[in-house]
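> Sequence plus the predicted model coming up.
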Protein chains: 2
Amino acid sequence: MADILRVDMTSLTVTHQPVPERYARLAGRALTSQMVADEVPPKCNPLGKDNKLVIAPGLLAGTTAPSSGRTSVGAKSPLTNGIKESNAGGLPGQKMGKLGIKAIVVEGQPQDKTLYVLKVTKDGAQLAPAGELAGMGCYKLNRKLWQAHGKKVGIIAIGPAGEMLLTNAGVSMNDIENGPGRYAGRGGLGAVMGSKGLKAIVIDDRDAPGVPIAEPERFKAAARRFAQDVLLKHPITSQALPTYGTAVLINILNEAGGLPTRNFSSGRFEGAAKVSGEAIAERIKQRGGKGKTGHPCHPGCVIRCSNIYPDEKGKPLVACLEYESDWALGPNCGIDDLDAIAELNRICNDVGIDTIEAGVALGVAMEAGIIPFGDGKGAIKLLKEVGKGTALGRLLGCGAATLGKVYGVRRVPVVKGQGIPAYDPRAVKGIGVTYATTTMGADHTAGYTVAPNILKCGGNVDPLKPEGQAEASRNLQIATAALDATGFCLFTAFAILDIQEGLPLVCEAVSACLGAPFTPDDFVALGKQVLKVEREFNQKAGFSREDDRLPEFFSTEPLPPHNVVFDVKAEDLDAVHN
Amino acid sequence: MADILRVDMTSLTVTHQPVPERYARLAGRALTSQMVADEVPPKCNPLGKDNKLVIAPGLLAGTTAPSSGRTSVGAKSPLTNGIKESNAGGLPGQKMGKLGIKAIVVEGQPQDKTLYVLKVTKDGAQLAPAGELAGMGCYKLNRKLWQAHGKKVGIIAIGPAGEMLLTNAGVSMNDIENGPGRYAGRGGLGAVMGSKGLKAIVIDDRDAPGVPIAEPERFKAAARRFAQDVLLKHPITSQALPTYGTAVLINILNEAGGLPTRNFSSGRFEGAAKVSGEAIAERIKQRGGKGKTGHPCHPGCVIRCSNIYPDEKGKPLVACLEYESDWALGPNCGIDDLDAIAELNRICNDVGIDTIEAGVALGVAMEAGIIPFGDGKGAIKLLKEVGKGTALGRLLGCGAATLGKVYGVRRVPVVKGQGIPAYDPRAVKGIGVTYATTTMGADHTAGYTVAPNILKCGGNVDPLKPEGQAEASRNLQIATAALDATGFCLFTAFAILDIQEGLPLVCEAVSACLGAPFTPDDFVALGKQVLKVEREFNQKAGFSREDDRLPEFFSTEPLPPHNVVFDVKAEDLDAVHN
């Protein structure tokens, strides 16, 4: 039977709560957001005792549905001060699903600074003091935890940044090789976990009962058809992503003039080709050794967009080197050296911070004149300060908004305190609408209008014109909120958007799993409900429509090469959630 | 005729605007808050082009009314993100009043980083580039400006902190000796001035027409009686303050167990006597030279609470060494060395930051372990970092909330982002109500319930009990909002509260000046109206009742020696502004 695990860090006890009827059909983001809205006071201190960290696998995580192992992490965000859901691949979600764990809710706060590890098995869950892990980077931590608990356990953990309560700390999930690089990175949820005194959660699914499926044959058929007829049919999910990884987007966005370069001062980077997905694949091929492309982040993924980037000797340097990280630590900082970017990415993974926010913060640090744009070695040195806990390191670890404020920088690309990702909203206006209006703070995954704007996937909306962007963003925000509940990876959406059978098959799989009707209309209704709950939380936390705006410079500074500004009207932004 | 000077920093032009009828009776805080509410978008970036800095002398500033030369500075605060009025004594207010300037409104924002000086004379006002003053500390700046513009001009200026846009930057006003120590310090308004590119405003009132008084004889009589029968009769305004200065409160609060010590961890400081007002007066007497007690901060003050604290050779080290500064940089940091405190105060005045926020930030830095409590030399070294613009210096210069956040400190004594001043709200519960509920962020001056709680002035409300505090705070918040409009120093309130003729005489003076009825009922109505306007602004800026709370540790950590917590109920706090 499915359970909610309540981990009370004040009393250091774990209790099993049967899943209330109203949560029975919710999972992933739908569950984390509903529980945060139900249980966390919107105005509370995100790092105080009243915040809760809710970790929930997607509905189908742990089943045989392809590319469905995502885990959602929710809380009030110390970065945005609003509600947050951040999700990741890796091992833990599937293992939680197989153990019948609907959610782990970490609440309260210990009086002292002792660190704990939570171990979850089929027999229950227990907290144990883990002072010896204090300050440990995530690579070493994961090795130690596999040594102690067996080489198959799922690990949800924080690095030193989370322990230091830095507001860009992420929550790491281990991958198949036990690397810490799958991150529920955004929104500082690692600091929430740190504020609870929880260093890691170890998920051991030996002899787990598995996910109960109401109608197994129907489910199996839907899952198989979704893989064969949808994911393995679409050129993006079957060719582009497995071949080049997500960094295939570097050249595409650069060509489109929307690759933010040197802290969003240009949409085209002269060094783009050197850091492209093609260049990464070529380098992996050249160096050989442990390097890999077309690699899954968890068992059962048929998209396999992940990679392992090797150093000169073929030893794994970082996994995965993704588009967003590549961009943030590369072009956004004017850096065109893949090895430097990979090293920066590894530092982020080890100290436990989100790569996007780290890169945006580095860009702001460069804008402030702390180091020059393009200085890869300087950036590595600077980013190492985070782990040392110096004033500058802590500032970097708190993200772009705080760093920009303290250094009096005017051009700080953030929305609701969160750094803007790898698509300039002036040249990809649909994503600008999403950045401005999502409940999450600037977040491309919340409504990926890059698809219709640039990839001509799921429609064709001119990226340079303001018309049609609000509608595109609205529809994708709704669909994403629902998809984030299922456990399916967001990248399945590329195929779902273009192949007619896609959404019906997703709904068929969900319906067969639940043993209850679940139609595409139900899917849309679920997405709308999730957004409604999240927006209500944010309103109570103090947000209003004026927070659904991009920083001013996007509407006043024309972006080369198209020399466009962000000109979607305020009333169109306000109408997104009408 | 009275004028509003509009200084447009985008176009670098100054225009004179006749005072609209609806502003005719407003001045000081009543005018700054009304204009900010009318003209500043509540959700704007406080350091962006849409914020406005409104500088308005009190209604009677420049007249012969005693102790009435206050100047209000208003804007959206970059420290609290709410509306702000911060006021100061010194020369500028009276000179603005005599020139018939109702308000100076600084708006817009220059494109580049050129600095400007605004010169105001009876013939008009002009902006001039002043790049040579960039980075200059306020002591040198004031000397330069008197050299250039004559030894009588009023100066409103910022130090390097304001230029760096640090959110604890204050606005300095010069005193009779041209020292920069009269600060509209709170709320980071110096950063707003810096964001406008304005280094200083020079007010030259030669041949000024003077404040027009509708009924001069009636006015003169009211002013004389207010001085003789009220201010010079009350023991606090006629004896305690002139003899020992405001730091007379050190021993009193220490005795009451409400002197926050070592970042609010005790209400009693073993070194209190060494840093008391009595000790300051004794030291000034011993050292002689330029040291002074019983000194006015502007001409015509009959309270004369100011002092000049001399160094070992009798040379002025700092003026004025006030209670709040003495406490913040002394007991709150565990420092009992008056010379170190005076040196810290001088650094604040020079670099241009608020002493209260600086001391609270230093206390939080000590709590974070950056330097130990009690380390005067370490504190001086640390505070010097602010002017150097290092990461740590900038953090200190951004105030306690930002520093505490970046260093992951749990015990951060702030409300709405502003540091809590020199009265522990657990042992002086009435002031806790004011800290929590004022529109200003933690601010003792907004409703000084220390008077009835500790000084038994204007009533007698047990400081250790929750009963009666909300009502005391409400009444004082209303009275203060009105008094801050008149230009009278808040210290006149001690006498007004206890001497029956006080308030009628204040109203008589205002009425005679305006040539219109102004009764004590009008006074109360004005105070209520000011608070209403301010609260509406804050609501639109995103504040709700949950922001009207003290940090949690005040309700969970008992404060020695009385071992009390803050236990005024949330519903009582919410009822303050009913």
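Right, received. Where do you want to start?
> burial of the residue nearest to residue A:561 when sequence neighbours are not counted, as a residue count?
Spatial nearest neighbour of residue A:561, chain neighbours left out: residue A:257 (4.9 Å); criterion: CB to CB, 6 or more residues apart in numbering or on different chains. The C-beta positions use only the backbone N, C-alpha and C, and glycine is treated the same way. Residue A:257 is flanked by 21 other residues according to other CB atoms under 10 Å in any protein chain shown.
> so how far is residue B:342 from residue A:257?
With distances taken as CB to CB, to the nearest Å, residue A:257 is found 59 Å from residue B:342.
> Could you do residue A:469 as well?
60 Å.
> number of nearby residues for residue A:341?
Around residue A:341 there are 31 other residues, counting by other CB under 10 Å.
> Return the set of buried residues in the helix or strand hosting it.
If you go by DSSP states H and E, residue A:341 is part of helix A:338-351. For helix A:338-351, burial by neighbour count (16 or more other CB atoms under 10 Å in any protein chain shown) applies to A:338, A:340-351.
> now the angle between helix A:338-351 and the next helix or strand after it, please.
Per DSSP H and E, the first helix or strand lying C-terminal to helix A:338-351 is helix A:355-367. Computed with axes from the mean of the first three to the mean of the last three CA atoms, to 10 degrees, the direction of helix A:355-367 lies at 120 degrees from that of helix A:338-351.
> How far off centre is the very next helix or strand once past helix A:355-367?
Heading C-terminal from helix A:355-367, the first helix or strand you meet, by DSSP H and E, is helix A:376-388. Counting by CA atoms, centre = their mean, to the nearest Å, helix A:376-388 is centred 23 Å from the centre of its parent chain.
> quick one: helix A:376-388 near chain B?
No. Using CB under 8 Å from any CB of the partner chain, helix A:376-388 stays clear of chain B, with a minimum separation of 8.9 Å.
> who in the stretch 1-150 of chain A is up against chain B?
Contact residues (CB under 8 Å from any CB) of the stretch 1-150 of chain A with chain B: A:41-43, A:45, A:47-49.
> Quick one: residues contacting residue A:60.
Each residue near residue A:60 by CB atoms under 8 Å, 6 or more residues apart in numbering or on different chains is listed here: A:68, A:97, A:211, A:486-488, A:509-510, A:513.
> Mind picking the two most distant members of the buried residues of helix A:338-351?
Using CB to CB, the two most remote members of the buried residues of helix A:338-351 are A:338 and A:351, lying 20.5 Å apart.
> How about the contacts made by residue A:365?
Here residue A:365 is in contact with A:371, A:382, A:396, A:403, A:407 (CB under 8 Å, 6+ apart).
> Over in the stretch 51-200 of chain A, which residue gets nearest chain B? Let me know.
Relative to chain B, the nearest point of the stretch 51-200 of chain A is residue A:165 (3.4 Å; CB to the nearest CB).
> coming back round to it: so the residue nearest to residue A:561 touches residue A:423, yeah?
No. Residue A:257 is beyond contact range of residue A:423, at 10.9 Å (criterion: CB atoms under 8 Å).
> re the thing from before, in a markdown table: the contacts of residue A:60, plus pLDDT, neighbour count and secondary structure.
A markdown table is the format used below for these (pLDDT from 0 to 100; neighbours: other CB atoms under 10 Å in any protein chain shown; DSSP: H, G, I helix; E, B strand; the rest coil):
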| residue | pLDDT | neighbour count | secondary structure |
| --- | --- | --- | --- |
| A:68 | 93 | 29 | coil |
| A:97 | 97 | 28 | helix |
| A:211 | 95 | 23 | coil |
| A:486 | 95 | 27 | helix |
| A:487 | 92 | 31 | coil |
| A:488 | 94 | 28 | coil |
| A:509 | 97 | 30 | helix |
| A:510 | 97 | 28 | helix |
| A:513 | 96 | 26 | helix |
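> Could you look up the SS state of residue A:104?
For residue A:104, the assignment made with DSSP: H, G, I helix; E, B strand; the rest coil gives strand.
> Spit out the contact partners of the residue nearest to residue A:107 when sequence neighbours are not counted.
In this structure, residue A:107 finds its nearest non-sequential neighbour in residue A:52, 4.6 Å apart by CB to CB, 6+ apart. The neighbourhood of residue A:52, defined by CB under 8 Å, 6+ apart, consists of A:35-36, A:39-40, A:75, A:105-107.
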